[in-house]
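Engineer: With the input below, show me the fold.
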Amino acid sequence: MIADGLARAGETDAAARIIHSSLELIRNNGFAEYYDPLSGAPLGGTQFTWTAAMVLEFLEQERVA
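Structural biologist: Coordinates of the predicted model:
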């Protein structure tokens, strides 16, 4: 949602950085429910479907950009 808002506000570079860093976090740590904000360690449940859905959305946004 933050990346979408930034993109709509014309802050496309910031949105792209969030998308890229989020994909890296998920790539490195799996589909966790949430992540430690300092270490990036996966927390909560594992193999969370909303995280997988966000990957699909992020990949689509990267493809369009």
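Engineer: How about the spatially most central residue of the chain, nearest residue that isn't a chain neighbour?
Structural biologist: For the chain, Ser22 is the residue whose C-alpha lies nearest the centre (CA atoms, centre = their mean; 3.2 Å). Residue nearest to Ser22 in three dimensions, not counting chain neighbours: Phe58, with 6.1 Å by CB to CB, 6 or more residues apart in numbering. Just so you know, the C-beta spots here come from the backbone N, C-alpha and C atoms, and that holds for glycine as well.
Engineer: residue ranges for the strands of the protein, please.
Structural biologist: 34-35, 42-43 (DSSP state E).
Engineer: Please list the residues outside the last one that contact it.
Structural biologist: Residues outside strand 42-43 that contact it (CB atoms under 8 Å, 6 or more residues apart in numbering) are Asn29, Gly30, Ala32, Glu33, Tyr34, Tyr35, Asp36.
Engineer: and which of those is nearest to Leu6?
Structural biologist: Leu6 has its nearest neighbour among these in Tyr35, at 19.6 Å by CB to CB.
Engineer: Give the burial count for that closest one, as a bare number.
Structural biologist: Residues lying near Tyr35 (other CB atoms under 10 Å) number 19.
Engineer: Wait, it touches Phe48, no?
Structural biologist: No. With contact defined as CB atoms under 8 Å, Tyr35 does not reach Phe48; the gap is 10.7 Å.
Engineer: Can you work out which other helices and strands pack against the helix ranked longest in the chain?
Structural biologist: Ranked by residue count and defined by DSSP state H, the top helix of the chain is helix 12-29. Secondary-structure packing of helix 12-29 (3 or more CB pairs under 8 Å, 6 or more residues apart in numbering; DSSP states H and E): helix 2-8, helix 49-64.
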